[in-house]
Every structure is written in structure tokens, then in C-alpha cells.
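Q: Sharing a sequence plus its predicted fold:
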Amino acid sequence: MQEFDPQVLNEKPIAPPPEFQRRARIRSLDEYGKLYERAKNDPEGFWGEQAKMLDWFEPPKKILEWDVPHAKWFIGGKLNVSYNCLDRHLATNGKKVALHWEGEDGKRVRLTYAEMHERVCRFANALLGLGVKTGDCVAVYMPMIPELPIALLACARIGAIHSVIFGGFSAIALIDRIGDAKSKILITADGGYRRGHVVPLKETADKAVESCPTIEKMIVVKRTGEEVAWTQGRDLWWHELEQKASPHCPAPSFDSEQPLYILYTSGTTGKPKGVLHTTAGYLLGAMYTTQLVFDLRDDDVYWCTADVGWVTGHSYLVYGPLANCTTCVMYEGAPDFPKKDRFWEIIERYKVSIFYSSATAVRAFMAWGNDWVTKHDLSSVRLLGTVGEPINPAAWKWYFDVVGQKRCPIVDTWWQTETGAIMISPLPGATPTKPGSATLPLPGVITRVVTMQGESVAPGETGYLIIEKPWPSMLRTIFGDDERFKRDYWSRIPGVYFTGDAAQCDADGYIWVLGRVDDVIKVAGHRLSSMEIESALVSHPSVAEAAVVARPDEIKGEAIVCFVTLRSGHSHSAALQTALIEHVAVTIGSIARPSEVRFADLLPKTRSGKIMRRLLRELAEKGGVSGDVTTLEDMGVIQKLASAKALDEE
Ligand code: ATP
Ligand code: MG
């Protein structure tokens, strides 16, 4: 197949800002290279060495047992995740702030490591008192409140497996996930706040539990004080359980491979999968990458904006930062409530130094305009991060210029629920960045971009991103479906991990993740990624966000259809449609000339904020949507897009 040289992927490298580099943990590409080679040549030696950053009750006897595709890491080792995140910090850092929490309604809570430890111990005892045993599954359906990380750490403390279900999900999504994991306990709240409204979590949970025979008890946090229905004998108030429980709860020692949690993927491409992570390898992956990628220092104030309903919240709001004894910020609500500068206000208030958010959020900030950002003092920030989708170069540059004020490196971190931890990312003091590229794999991670036959593709050619060697924080299986685990990840290209993402590797070895394999478009014999065309669109001053899909076309094979949202101050017009079509043709080449540009107020996204191109593809092809929409954030978006098209055609 003929390949096409993509203009938008030719970004020039930007060296780490010197002031940042001077104080960084890893200060040059050379230093990174040495670490990378060491890990590549002796992975077990390398990971065995890294594993010393954990506190072990008994050290591992063997580093890895690899029976493709099943890995066991740190065999014979014994440890406790909650002990590693809390107890071990108490002697020297008990008074250090673990969490600055802010509710959407302005309520604030500050917890030191000692306070957090006490609350986790009490809640762990409460769970034990309810008969929760090692290996039992606890479902968590909560708003972003301090009790959420406390619940996770309490489960981890006693060896219960948590399964967090994002607080924006419906009763049906809850039923599926509770049923799949056979959870015995459900932890929820009377409600949470989102854009000034109360999200009635308890009401949804009540509805779900009618169809969940495995649930024995429901624990309810009083967050809003709204009146809620109550089932005597089943429902229990969190605060009453916590008050009654003893603050002393020894941390038992668990095997390295003790299951830690199940988490369902976002459902961008189809039915969510229950990804299973275990104890030592996962914790090490989260801790090691938090330290390295965010270049952590003792005095950092670290804010990861992800919801704990997603893996980013697990690894980079709870386990990674707490294992490193970091001061974290956690915020309950929407970024535009009460106004579009809520995030920048929070950064100013807590003097946040590391800010980790999503590509979709950055595009929204850009659409809202610079004034919201620039009216705040963001001089405390020293590092920015992004995750979740490819970040378009124009959005990257906006983030760098306006939020980071050209002073802060950006770490574009590529990883998945399945990988447990960041796999590809710049090291901020060492790696020159190229806007739109996640750059290089971390030491210990061996990736390649290949054909379906497993052969490396040449620089600038599109291929499949794979991971060649096992890594400690890798998923161990799909819960209850090991066949699917083998089929989806390890059989497409036998013996290597298939990520499902399309990518290119450039002449410098930098990796450009182009999106899902399914999103690659074939036009007149050329392979184009939706991301290249989207990035060309986003580089136009009027465009905030774009999603590009293909619809079958008799002549070209596939015709390109673009869905576009505009930045504030710009409006829909036929002239702009033509201008955008021209802009893509000029930026990439006439081969990429879109057949259609459609304006939208919003794009269909998963509840984790990722664009659902599979729905747009259906819409472009058939005018409507019949695929799985359970993970769609707002059905109204699809209806609006379908009816707007119908109007155009009248
Ligand atoms: P599902 O697997 O159910 O379709 P999902 O893949 O969206 O859902 P996640 O595990 O949350 O679920 O997301 C991982 C995916 O997100 C990656 O495979 C990749 O497509 C995308 N992604 C994450 N970070 C980046 C990044 N920095 N650059 C490009 N893509 C990214
Ligand atoms: Mg996925």
C-alpha cells in the first residue's frame, strides 16, 4: 500500500526549558538512553532494582515468570499496597498534606498523611466488620470526594478487590459491571455535585441493585444531605461505620500477585473489558512512572484532574502519587463551574506545580479563550501533562504558550487501562518534545510499530503499535474471560502485546500515536489517519475540535467527513466550510481533501471525554446510530448531529 508523507507530523523538536532541566532527575537524552539500554539488556535486573522503591514485608525470590501471555512478577514477595501508600510515610511525613480536596460547591477538606491513614484504617475495619474477606469484590460508585481514595486504600489494605464504576454511569452500566465482578458491597453517596446540579447516585444505585443479587450491603457517604430512599438492613451510612470502627488496623502481608482491582475500559471502541491488575507490579509501575515522568520533588503540589472512575485516576491520583508521598489536589466538579476559570483558580489557590489533564480538556480550554487562563497567577506551575487521546499539535502549542507560559515542559503520556501505567512519554528534563508525539518509550518498555506480520515499518509509515516484552504493571487477564485476553491482545500478532492503536515512528525513533487501528482511513489507495486530518483542522484559527471519519465512496473507496466545533467568537457558514476543506487540502495535500465538513456544537464523547468516532462513522454512513451507546456521555449530541444533517438536506 502506498504511503503518504504526513505534513502535520513534521513538528520540530523543542528542547526542555533550561531552568527545568537544571534541576531535573534525568537531565539529558544521553542519561535517558543509558537507563533505557540497561533496562532493555537486563529487564529482570532492572525491575528487580526498581522494586526496591517499594516496602516489602518479604522480598521477592524471583522477578518474573513469563508463560506467554501470562506473567507473574516479583514471585514470593509479600507487601501491602495501603502500607506503601500511607504507613511507611508516617514517621517522617505524618504531618505532610496528602490531599487538598475541593468540592464543586466550594467546600474544602485537607488531609495529612496521618489523618488519611487513620480514616483508611477505620474504614478498612468497617469493611472487615461487614464480613468482607480477601479476594471479595467491592463496587465503588462515588463522586470525586475524599472518601473515594479512602475506600480504595481500605480495600487494598484488607485484600479486597475494588471495582470503580464512574459516577456518571447509568443503572444499566452499573448492573453489567457489578454482575460481571460479582461484587458483594456497593459504596456510593447520597449524591455529588456536577455543574451546580446534584447527581443522584444513591437513586441510580438503588435502581441498579434491584438487579444485582450479589450485593449484600450498600454503604452511603453523606455528601449533599439530600433526602434519599433507605433500605433497612442493607443500607449503611459511611460516617456511622467510620465513627464506630477502631483506628487501628494492621496491614496484613499479601502476595505480589494478589488481585488489586478490576477496572472496565472506557468503551471507545466497543464493549468495555474488565481489566485485572494485581499488587506489586501494578504499584511499582504507578510509583516508578509518577516519579520519573512527573520529575517529582518533595515540595510539589500535584494535580491530576482525572476522575477516579478511569485508570488515570487510579494510577495518578491515588496509587502513584501516594506511594511517592506527594501532596495531591482533588476537585469534585466541572471545569466550567461556576465559570470557565475554575481550574486556573484552583491552581492559583493551592499553588499547583504539576498539572496533569486530558487532551480533550486542553481543547476545551483553548476553545474558551485565553482570558480565562491569563487572569490567574499560574507561576507555581512547572510541568504540564496530557493523556487520553493524541493531542493535536495546535492544542499542544496553545497549552505550552498560554498555560505553561513557555516555561513548562509538556509530558504527552501514552498508555492504556491495560498497561496500568505510562508507557511512552517524554522525560521532562531530558527529552526534546515534538508537539503531538508522545516521544519515546520509558526505560523498561519495549515498543515497536509493525505490520500485521510483525515486521517493523519504515519511518513515516503507519503501522500497529505493539509492546514486545512483559512489564510489571501489565494487565494479568480480562476478568472472567481469559480467552478474550488472549485473543484481543496476544494473538493478533502472536506473542506480542497488541495495543489496538495505529502509530508511526519517525526517523528519531519518536512515536506518533495516530489513534485506533479502526480509525485509519483509506482514500484512493492512501492510508490517512483521522488524527492527521483532525490536527490540520485544529490548526485553523476558527477550529476548537475536530473528528474525522470515512464513509464508503464508490470512486475513492472512502470519502472523508469532518465534524468540527468552533472556538468562541466564530460562527458556522458555508464560506467557512469551504475554507476548512481548502485548509486541509493545502496543509496535507489534495488527497486528504474532505468531501464534507459538518459543524457541531459538541462531539459525541465517552464519559471519559474521548471522541467516539465509531458513532460518527455510523452517522456519516447511515444517517443514524444503532451501535452500543452505553458509554456515550450525552445521547442528545448524536440526535442533534443527525437532525442538523437532515435540515441541510431539505
Ligand atoms: P476501549 O478500549 O474500551 O475502547 P479506551 O481504549 O478509550 O476504551 P482507555 O484505556 O481509557 O480506554 O484508553 C487508552 C487509549 O487512549 C489508548 O489505546 C489510545 O488510543 C488513547 N491514548 C491514551 N493516551 C494517549 C496519548 N497520549 N496519545 C495518543 N493516544 C492516547
Ligand atoms: Mg482501549
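A: Here it is on my side, so go on. This is a predicted model, so every value here is computed, not measured. Ligands and ions are numbered 1, 2, ... in the order given.
Q: quick one: residue 181 and residue 212, what's the gap?
A: Remark: distance between residue 181 and residue 212 (C-beta to C-beta, to the nearest Å) = 10 Å. C-beta coordinates here come from the backbone N, C-alpha and C atoms, glycine included.
Q: Settle it for me: which of the two has more neighbours?
A: Remark: of residue 181 and residue 212, residue 181 carries more neighbours, 24 against 20, as counted by other C-beta atoms under 10 Å.
Q: Tell me if I'm right that that one and residue 479 touch.
A: Yes. Using C-beta atoms under 8 Å, residue 181 is in contact with residue 479, at 6.3 Å.
Q: Point me to the residue sitting closest to the centre of the protein.
A: For the chain, residue 312 is the residue whose C-alpha lies nearest the centre (C-alpha atoms, centre = their mean; 3.7 Å).
Q: in the stretch 501-650 of the chain, what residue is nearest ligand 1?
A: residue 513 (3.7 Å; C-beta to the nearest ligand atom).
Q: Just say helix, strand or coil for that residue.
A: strand (DSSP: H, G, I helix; E, B strand; the rest coil).
Q: Residue 500: which element?
A: Assigned by DSSP states H and E, residue 500 falls within strand 497-505.
Q: same check, this time on residue 98
A: Secondary structure (DSSP H and E) places residue 98 in strand 97-102.
Q: Compute the number of surrounding residues for the closest residue to residue 125 other than its chain neighbours.
A: Distances taken as C-beta to C-beta, 6 or more residues apart in numbering put residue 245 closest to residue 125, at 4.0 Å, once the chain neighbours are dropped. Under the neighbour criterion other C-beta under 10 Å, residue 245 is assigned a count of 20.
Q: Does residue 597 touch residue 581 like I think?
A: Yes. The pair residue 597 and residue 581 passes the contact test of C-beta under 8 Å, sitting 5.9 Å apart.
Q: who's more crowded, the two?
A: It is residue 597, of residue 597 and residue 581, that has more neighbours when counted by other C-beta under 10 Å, with 24 against 19.
Q: Outside of the helix or strand containing the more buried one itself, list whatever touches it.
A: Per DSSP H and E: residue 597 is located in strand 596-599. Defining contact as C-beta atoms under 8 Å, 6 or more residues apart in numbering, one finds that strand 596-599 is touched by 559-566, 572, 577, 580-581, 620, 641, 644-645, 648.
Q: tell me the secondary structure for residue 356?
A: strand.
Q: can you tell me how far it sits from residue 300?
A: Counting by C-beta to C-beta - residue 356 and residue 300 are separated by 11 Å.
Q: do residue 372 as well
A: Distance check for residue 372 against residue 300: by C-beta to C-beta, it reads 24 Å.
Q: re earlier: report the buried members of the contacts of strand 596-599.
A: Buried members of the contacts of strand 596-599, counted by 16 or more other C-beta atoms under 10 Å: 559-566, 577, 580-581, 620, 641.
Q: For those, work out which two are farthest apart.
A: Farthest apart among the buried ones among the contacts of strand 596-599 by C-beta to C-beta are 559 and 566. That separation is 22.6 Å.
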